[in-house]
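K.L.:
Got a predicted structure plus its sequence, pasted below:
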Amino acid sequence: MSKRITLSLTALAFALAAGPALAGPMCNDATPGIQLSFGVSVGEKFSESDRNEFDLQRLRAKGVDATSVERWGSCIRAYVRKPEGGIEMQFFDPNSYRRVE
């Protein structure tokens, strides 16, 4: 095999191995049971800022001292005050509001 093909295969293997680590936390993967959606809604759709405010209030109700939140992929990304000071980025499942790693 030429050096170029060997190098390309090595780079591909590294990228595939590192892919899950680079992708970030996974949310919504551990929901048991069946989920159905019928496309029925009542009222107006939430704007992005409304949804962020709702998520912020839900996290605070669960005792998370979040300063701001946003949807990030399939997760909620929150900036949370640490008890010893400073702010830390944490991820939460948008269905259960449980922290994910």
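P.N.:
That came through, no problem.

K.L.:
Just confirm residue 64 contacts residue 78, I think it does.
P.N.:
Yes. When contacts are counted by C-beta atoms under 8 Å, residue 64 is listed as touching residue 78 (6.7 Å). No exception for glycine: its C-beta is placed from N, CA and C like everyone else's.

K.L.:
Look at those two and report which has more neighbours.
P.N.:
Taking other C-beta atoms under 10 Å, residue 64 and residue 78 do not tie; residue 78 has more neighbours (26 against 17).

K.L.:
That one against residue 91, yeah?
P.N.:
Yes. Under the contact definition of C-beta under 8 Å, residue 78 touches residue 91, with a separation of 7.5 Å.

K.L.:
what about residue 79, which SS state?
P.N.:
The assignment at residue 79 comes out as strand when based on DSSP: H, G, I helix; E, B strand; the rest coil.

K.L.:
how many neighbours does it have?
P.N.:
Around residue 79 sit 14 other residues, with neighbours defined as other C-beta under 10 Å.

K.L.:
got it, and the one 10 residues further on?
P.N.:
Close neighbours of residue 89, defined as other C-beta under 10 Å, add up to 9.

K.L.:
what's the distance between it and residue 64?
P.N.:
Counting by C-beta to C-beta, to the nearest Å, the separation of residue 89 from residue 64 is 12 Å.

K.L.:
what do the two both touch?
P.N.:
Residues within reach of residue 89 and of residue 64 at once, by C-beta atoms under 8 Å, 6 or more residues apart in numbering, are 78, 80.

K.L.:
which is the next helix or strand following the helix or strand bottoming out on mean pLDDT in the chain?
P.N.:
Every helix and strand in the chain was compared by mean pLDDT, DSSP states H and E; the lowest is helix 3-23, with a mean of 47. Per DSSP states H and E, helix 3-23 leads on to helix 48-61 as the next helix or strand towards the C-terminus.

K.L.:
Is residue 80 in contact with residue 68, as I believe?
P.N.:
No. Distance between residue 80 and residue 68: 9.5 Å, which falls outside the contact criterion (C-beta under 8 Å).
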